[in-house]
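In: Okay, sequence plus prediction incoming.
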Number of protein chains: 2
Amino acid sequence: MTTEREVPELEQWEGERGHDHAAAVAKVQEALPDDGVLYDLADLFRIFADSSRIKILYALYESELCVGAITQALGMTQSAVSHQLRALRQAKLVKYRREGKTIFYSLADDHVVTILAQGMEHITE
Amino acid sequence: MTTEREVPELEQWEGERGHDHAAAVAKVQEALPDDGVLYDLADLFRIFADSSRIKILYALYESELCVGAITQALGMTQSAVSHQLRALRQAKLVKYRREGKTIFYSLADDHVVTILAQGMEHITE
DNA sequence: TCATCATATGAATGATTGCTCATATGTTTC
DNA sequence: GAAACATATGAGCAATCATTCATATGATGA
């Protein structure tokens, strides 16, 4: 759970200090999505904010993979991979299916790919 | 600077332990972008991984704003806003122009909007 | 040049996070 | 049921991060 933070009420300009921004401030506050949504959004992007998880996502973009294959391909610990897969699962960025002892992971939807692609475009231009 | 991590060489299956994933592993390792790029990508998404910065970006989506207006609209400290604007500047997500003592910030390019929109779609479906 | 306004920055700190180590859960074969 | 395999999980620790407080920089008008 993310920490809450109070949003100041829309009120008359009271001349505290500094310049008046009332018009711009009002417009922004009306348009801004609810706090909860913005926290959820930050939580989502936090999942992308780690190179290990990015690597896993790129690996899964290539093909469905079991945990062992990811572990080998990325040179990570089985435990580390499993921990990160849990984060990816909870964020609904990956889905999985069981086949005997093995569990295969794959990307959950297209947003993952789009977000990665847009990010990649941004840093390579 | 992000910590480096060694990537294991592609080599013959040596029967250490566990199942053989050689084919899948090779395919993934070939397709995976360079480590440096993946770290940069994680660094970029880390900027989106904070609700204060997300709020600033959404505010700037509404219109160009000076630091004071952002501070008022989001109920943050001037210092906190300025620190976050620096992060956004360094990630080239915002640009700015000076007009007297005032500095106006705005979104740098469309990737910002696309990334936010895709993230929003993901969490609201 | 001095006072004031608008913004930026450095240091310190509490909170969050990703990893490792040890162990647990679930599945198959014998 | 027992042993081996594949994956998951909990605790603990080192590193990272967002904020606050104090102060610095830069611009304007008198």
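Out: That came through, no problem. Numbering: from 1, shown residues only, chains lettered A, B, ... in the order given.
In: Strands of chain A, start to end?
Out: With DSSP state E as the criterion, chain A has strands at A:65-66, A:94-99, A:102-107.
In: and the first one, what does it pack onto?
Out: By that I understand strand A:65-66. strand A:102-107 (3 or more CB pairs under 8 Å, 6 or more residues apart in numbering or on different chains; DSSP states H and E). The C-beta positions use only the backbone N, C-alpha and C, and glycine is treated the same way.
In: before we move on, back to that, reformat the strands of chain A into JSON lines and put mean neighbour count next to each item.
Out: Listed next are the strands of chain A as JSON lines, based on neighbours: other CB atoms under 10 Å in any protein chain shown:
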{"stretch": "strand A:65-66", "mean neighbour count": "20"}
{"stretch": "strand A:94-99", "mean neighbour count": "13"}
{"stretch": "strand A:102-107", "mean neighbour count": "16"}
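In: would you turn those strands into a markdown table with distance to residue A:87 and mean pLDDT?
Out: Listed next are the strands of chain A as a markdown table, based on distance: least, CB to CB, whole Å; pLDDT from 0 to 100:
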| stretch | distance to residue A:87 | mean pLDDT |
| --- | --- | --- |
| strand A:65-66 | 17 | 97 |
| strand A:94-99 | 10 | 97 |
| strand A:102-107 | 12 | 97 |
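In: With distance to DNA strand D as added columns, please give these in JSON lines.
Out: Output for the strands of chain A, formatted as JSON lines (distance: least, CB to the nearest atom of the strand, whole Å):
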{"stretch": "strand A:65-66", "distance to DNA strand D": "3"}
{"stretch": "strand A:94-99", "distance to DNA strand D": "6"}
{"stretch": "strand A:102-107", "distance to DNA strand D": "4"}
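In: Which among the ones you listed is found nearest to residue A:43?
Out: Judged by CB to CB, the one of the strands of chain A that comes nearest to residue A:43 is strand A:94-99, at 15.8 Å.
In: Residues touching that closest one, excluding its own?
Out: Strand A:94-99 is touched from outside by A:56-57, A:60, A:85, A:88-89, A:103-108, with contacts defined as CB atoms under 8 Å, 6 or more residues apart in numbering or on different chains.
In: and those residues as CSV, adding distance to chain B?
Out: Shown next, in CSV, are those (distance: CB to the nearest CB, whole Å):
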residue, distance to chain B
A:56, 10
A:57, 10
A:60, 9
A:85, 15
A:88, 13
A:89, 14
A:103, 12
A:104, 10
A:105, 12
A:106, 12
A:107, 12
A:108, 9
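In: could I get the residues you listed as a markdown table with distance to residue B:113?
Out: Below are the contacts of strand A:94-99 laid out as a markdown table (distance: CB to CB, whole Å):
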| residue | distance to residue B:113 |
| --- | --- |
| A:56 | 27 |
| A:57 | 22 |
| A:60 | 26 |
| A:85 | 30 |
| A:88 | 25 |
| A:89 | 28 |
| A:103 | 36 |
| A:104 | 35 |
| A:105 | 30 |
| A:106 | 28 |
| A:107 | 23 |
| A:108 | 23 |
